[in-house]
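Participant: Whatever this is, show me its structure:
(2 chains)
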Amino acid sequence: MERYETQAVVIGGGATGAGTLRDLSLRGIKSILIEKDDIASGTTGRNHGLLHSGARYAVKDLESARECISENRILKKIARHCIEDTGGLFVTLPEDDPVYHNELLEGCKISDINAREISIKEALRLEPNLNHNILSAIWVPDGTIDPFRLAASNILDAKEHGAGILTHTMVTGLELKSGGNIVRAADEKGNQIEIRCDLVINAAGVWGQHVCSLGGIELKMFPSKGSMLIIDYRINNIVVNRCRKPSDGDIIVPGDTVSLIGTTSREIDYSRIEELRVDDDEIDVLLEDGEKLIPNVSKTRALRAYCGVRPLVAISGETMGRNISRGIVLIDHSERDGAEGLITIAGGKLMTYRLMAEMTADLACSKLGTGGRCRTAKTPLPGSEKKISERKNVRAFTGISQSVVGSTLYRHGLRVQDILKRDKKNYRLICECEMVTEGEAEYAIKKLDVKNIIDLRRRTRIGMGPCQGELCAYRSAGLFADFGIYRPEKSIELLYNFLEERWKGIKPVLWGDGLRESEFTYWIYEGLLGIGEIKFDDDPGDGDGV
Amino acid sequence: MAYDCIIIGGGLSGLTCGIKCAEDGLRTAVISSGMNSLHFSSGSIDVFGYRQGGGKVYRPFDYMKETAKSNPAHPYSRIGSRMVRESLEFFNDQISLAGISLHDNGDENHFRITGLGVMKPTYFSQDSVFNDKFKKAVEERASIAVLNFDGYRDYYAELTVSQLRKNPIFKRTGIITGKVTLPFYTRTEKNLHEFRSIDLARVFDTEKYLPRIAEEIKRAARGARVVSLPAFIGIDNFAQIHKRLEDLTGCLIYEIPSLPPSILGLRLDNALRSRFAALGGEYSGGDRVNGGEIMDGELDHIHTENYGDTRHRSRFYVMSTGSFFSAGLRSGFNMLDEPVLGLRFSGSNRRSDWYSAKFFDRKGHPFLKYGVETNKYFNPFGSDGKAVKNLFCTGAMLSGYDPIREGSGGGVAISTGYFAAKRIIGEMKKNK
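Facilitator: Sure, this is the predicted structure:
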């Protein structure tokens, strides 16, 4: 049994939990975060990665719109290496109600979102792949955000300010009593952990219902599934939204080397949140509607599909749908349930993670009667301290190819200094699709809480490119063994789990070149290497993500 | 007519067929679009490795006879085990004429070691993977050193050894790992840590550094009698390099295929192509057959990408264009077909039927069994439902078997190619 004592325990390693951990740590509150899987492995890593301008809410939900644009401006300063300032478009198709166009402009004006109508010619100049039949276009300050990097940077900064983190550790018990709470947990090896703390912060998103129930408290979540589809090229460089009431298949977001079509929305039963899968008809809808925005979509290879669960909360414990909030929900359980040491933060969106963390940390500080002011709106995340200049860095790493320096910089910002070394083995490529070097993999494994190849993918993009892990998966397994992190048997198991996890996202879009690639991968791992004949004990983890 | 037989597809099946036809004096051409799947293979020839319900096959020809009763539509059932055996003997003879010796284990499968240390059943292997000396060494529990070249990223000796040690066969065998530094690693501007098997094999082919490499191997082997290396010790000059390394080190040198490209497979491909050329076959690389016309149950002509509307005519045709991966079969959003001639296809049109829930499901994936449907002579059916009498389909494009799960890809490719050639030769004789 491992025992710890701390001021606050944060449950959940999504963006909100990670942001809260960072906020508390910057205020000098000693904190430990517990995550059952990996950082950003839940809903955080399963959305479309849109850096909202707020325009998508400007017609129906002004409060959300204002939150978004305010956070949009903050994140562009503090999270430069997690963000691409692409800009976004709202385009009206012939079949869409033209009235929405004006409502959107009006809503943006009220919400202080810098939106402007542009000519169709200008829209097509900005995004030549757009449907040429659009009737009107609005430019908005949308962008893209990488949720994996965002969450990992928050964790990194928190750790550098003294926080602790336990990933792949499941909370198993919650003892809430005045004068000291106890959080019990178990890691994957079955080691038991007990943490005494003054405050428990439930930032487990949709899993927050379960966390509350461990403490005997009822909290009702209404999970809503959203599915997305990734296509194997960056077919657009600007976020493209459909100018109509938000609906299925109305947005295409570029991200790194790919583009992503979002999103569907389907209510699901809470008991099913662990076994989510993308349905075939969701793929049909996304492709059909994506095609209307950018006609190349159906001619482009679909790379994978995945889904996430939105954590919508019933505020007053009602079970009927009408009291469900889509906004931020911060619950002080001392008022609601007499549990003084428990806070739940839920609802909201990736975009408002920092604001949610600030609200949570404010409440936490007032309950603890200690801690300073929030600094996260001004303090840049690790790697984003200064404006990032690719030219300067390419010069600083003469001898290493520009694309390697550029990719590393793109993913880790100024921390590139800790990663690249002028040693040929350090900068040899492990993943050619995404230009991931051995040095980057080593940095991620040793510094960024990477426990398996799936985690490594979230930190580095290994296996996220067109080949979905054909060669890099085997090499990564080799590296885990080489670095002495795991026994070789365990490394092979990680490899197996990684390939099974990739398969979950590939099979819903298994046709054309994707099917050819899968046959090849199967050929190598089953035919050539015979991995299917090896016996393992564990089941692979959940499939997810971009 | 310029040709007696045009073969579409220059892989294991097409080339075997071409060699047999050319050997018999037929005017034969092979049209190949590019690299074939031997470049991604183990370089051993699997004939029948796994039983239908799971478990390994030890005697492949016996299992073929069992299969003939339980699954009459299987390509082997149509050919019969006797002719499969004949085709394999033919193949072995041809490969050895090209300077590569293949070894079998009599009627039984032998086992090759994979990069993950799994022992896979197979039928023919090259000299560096199976021969009597290895067999004896394993029986005598000779010590083994599993080596890698320092900085080579496509193979990890520790992964191999971790599984080998679990295998009862090696229970009382001493196995160590080690690293060999290649002397030319420091000598080039390129990042040698990014070299692939093919780059290294080309350096080996120069035979320049062999004595120094042998010294390094001896040092790393620490007295082991058998040394395994990732498979890239030469392509063209492999046979003498292998022998020289064994002489210089005093060890038996074993090769384990690393990530592609497969040097072991490449050697076979080169051997097949050189045999085909030596027998007067015409090989056209880098061109793709993109259509043809079937009239009254006969393929009249074909055309290719490079020659536009020019019609190529032949008395007989063979298609060995491979599976989905090789583009011999095509899948789309809820559709499957054979893309060149639109031959009758066997497989479900519902996407969700194509795959298993798990990637490494014991049952494999249904789509691997999909392919072109044929009659018992491997004549496919045209859109009019009639069998196309002068066209034969062979190899991975055929339906009704799962090359990977069954471990039968090599054997089916060779035997169906050979079978088609024999049919064509027979027909030609009749017509004369």
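Participant: what about B:Ala98, how many residues close to it?
Facilitator: Taking other C-beta atoms under 10 Å in any protein chain shown as the neighbour definition, B:Ala98 ends up with a count of 17. Any C-beta I mention is one placed from the backbone N, CA and C, and that applies to glycine too.
Participant: B:Asp199 now?
Facilitator: By the other C-beta under 10 Å criterion, the neighbourhood of B:Asp199 contains 13 residues.
Participant: The residue nearest to B:Ser101 when sequence neighbours are not counted and A:Tyr427, how far apart?
Facilitator: Of all residues beyond its chain neighbours, the one nearest B:Ser101 is B:Asp127 (5.2 Å), with distances taken as C-beta to C-beta, 6 or more residues apart in numbering or on different chains. With distances defined as C-beta to C-beta, to the nearest Å, the gap from B:Asp127 to A:Tyr427 amounts to 37 Å.
Participant: Do a quick rundown of the strands in the stretch 101-250 of chain B.
Facilitator: Chain-ordered strands for the stretch 101-250 of chain B, with DSSP state E, counting those that start in this stretch as the definition, fall at B:102-103, B:110-113, B:119-122, B:125-126, B:144-149, B:175-180, B:226-230.
Participant: Switch these over to CSV; also include distance to chain A, mean neighbour count and mean pLDDT.
Facilitator: Shown next, in CSV, are those (distance: least, C-beta to the nearest C-beta, whole Å; neighbours: other C-beta atoms under 10 Å in any protein chain shown; pLDDT from 0 to 100):
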stretch, distance to chain A, mean neighbour count, mean pLDDT
strand B:102-103, 18, 20, 97
strand B:110-113, 9, 22, 97
strand B:119-122, 5, 22, 98
strand B:125-126, 14, 24, 98
strand B:144-149, 9, 25, 96
strand B:175-180, 9, 18, 96
strand B:226-230, 12, 24, 97
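Participant: Tell me which residue lies nearest the centroid of the chain.
Facilitator: This is for chain A. Relative to the mean C-alpha position of chain A, the nearest C-alpha, by C-alpha atoms, centre = their mean, is the one of A:Gly45, at 2.7 Å.
Participant: how close does it sit to B:Gly395?
Facilitator: From A:Gly45 across to B:Gly395, the span is 42 Å (C-beta to C-beta).
Participant: And B:Lys136, by the same measure?
Facilitator: Going from B:Lys136 to B:Gly395 by C-beta to C-beta gives 35 Å.
Participant: And those two? Which one has more around it.
Facilitator: When B:Lys136 and B:Gly395 are compared on other C-beta under 10 Å, the one with more neighbours turns out to be B:Gly395, at 34 against 11.
Participant: just checking, the more buried one touches B:Leu15?
Facilitator: No. Here B:Gly395 lies out of contact with B:Leu15, judged by C-beta atoms under 8 Å, at a distance of 10.1 Å.
Participant: Quick check: which ranges of the stretch 151-300 of chain B have low pLDDT?
Facilitator: Applying pLDDT under 70 to the stretch 151-300 of chain B picks out residues B:185-189.
Participant: Identify the contacts common to B:Gly395 and B:Leu15.
Facilitator: Each of B:Gly417 lies in contact with both B:Gly395 and B:Leu15 under the rule C-beta atoms under 8 Å, 6 or more residues apart in numbering or on different chains.
Participant: about what we covered before: pretty sure the residue nearest to B:Ser101 is in contact with B:Leu245, am I right?
Facilitator: No. At 11.9 Å, B:Asp127 and B:Leu245 do not qualify as touching, with contact defined as C-beta under 8 Å.
Participant: Among these two, which residue is more densely surrounded?
Facilitator: B:Leu245 (23 against 20).
Participant: where's that one relative to B:Leu252, distance?
Facilitator: Distance of B:Leu245 to B:Leu252, computed by C-beta to C-beta: 10 Å.
Participant: next one: phi and psi at the residue in the stretch 251-400 of chain A that chain B sits nearest to?
Facilitator: Of all residues in the stretch 251-400 of chain A, A:Asp280 sits closest to chain B, at 5.8 Å by C-beta to the nearest C-beta. Dihedral pair for A:Asp280: phi -60, psi -40, per degrees, to the nearest 10.
Participant: Please apply the same query to B:Ile253.
Facilitator: B:Ile253 adopts backbone torsions of phi -100, psi 120, taken as degrees, to the nearest 10.
Participant: now it, which residues is it bridged with?
Facilitator: B:Val227 (DSSP bridges).
Participant: neighbours around it, how many?
Facilitator: Residue neighbour count, defined by other C-beta under 10 Å, stands at 23 for B:Ile253.
Participant: Surely it touches B:Leu229?
Facilitator: Yes. Taking contacts as C-beta under 8 Å, B:Ile253 lies within contact range of B:Leu229: 6.5 Å.
Participant: residues touching A:Val91, list them.
Facilitator: Taking C-beta under 8 Å, 6+ apart, we find A:Val91 in contact with A:Ala123, A:Leu130, A:Asn131, A:Ile134, A:Ser136, A:Ala137, A:Ile138, A:Val240, A:Asn241, A:Arg242, A:Cys243, A:Leu293.
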